[in-house]
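Q: Below is the sequence, then the predicted model.
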Amino acid sequence: MKKMIIFIIVVVVLGGVYYAGNKKSDVVVPTTEVETTDVEVVAVPETTVGTEQIIGTWQSIDDEQALVIFNEDGSVENMYGGQEVSGGTWSTSDEAEGAFLHTVVDGEKYEYVVLKVNETTLTLSYLAHGNTLNYTRVENVAPVNSQ
């Protein structure tokens with residue numbers, strides 16, 4: 001008889017636990033399914049660039065010895081450590097996709113998207129590799145004498 005009472009108590013307790021765990025709540029919480037997607041942050045290129053914005057001497061933010069000089073006559077000089085290492089020509093174009101800087105240096109064509117240009121900053125994206133080049137405008141750069 002004692003075993004029967006223990007069995008009934010165990011069945012009642014287990015039944016209560018089952019009922020409590022499966023009982024539907026009277027409170028309805030509305031839910032909304034949200035679709036998640038990966039978001040890629042993309043720099044928005046300038047839409048128009050005038051040649052007067054580009055003309056000048058620009059120092060690489062990543063390597064202070066690297067300079068690019070865009071001359072008014074359409075020539076470009078690449079300097080390193082005060083020495084000219086290459087030269088060529090440059091031009092800009094405004095297209096539906098953004099503003100572009102085109103250079104021909106030592107016979108090789110290079111294409112860049114102009115991401116930002118103002119009085120102090122030039123940011124380019126090199127189309128062939130997608131890397132970003134950051135420059136700051138400098139004035140009166142004296143050549144470094146190599147020994």
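A: Structure's in. What do you need?

Q: Tell me how many other residues crowd the closest residue to Asp94 other than its chain neighbours.
A: Nearest residue to Asp94, sequence neighbours excluded (Cβ to Cβ, 6 or more residues apart in numbering): Thr48, at 4.7 Å. C-betas here are computed from N, CA, C, even on glycine. Counted with other Cβ atoms under 10 Å, the neighbours of Thr48 add up to 12.

Q: Would you confirm that Thr48 contacts Ala99?
A: Yes. Taking Cβ atoms under 8 Å as the definition, Thr48 is a contact partner of Ala99 at 5.8 Å.

Q: just to revisit the earlier point, secondary structure of the residue nearest to Asp94: a helix, I assume?
A: No. Counting by DSSP: H, G, I helix; E, B strand; the rest coil, Thr48 falls outside a helix, being coil.

Q: And it, what's its pLDDT?
A: We have a pLDDT of 72 for Thr48.

Q: for the one 4 residues further on, same thing?
A: Note on Glu52: pLDDT of 88.
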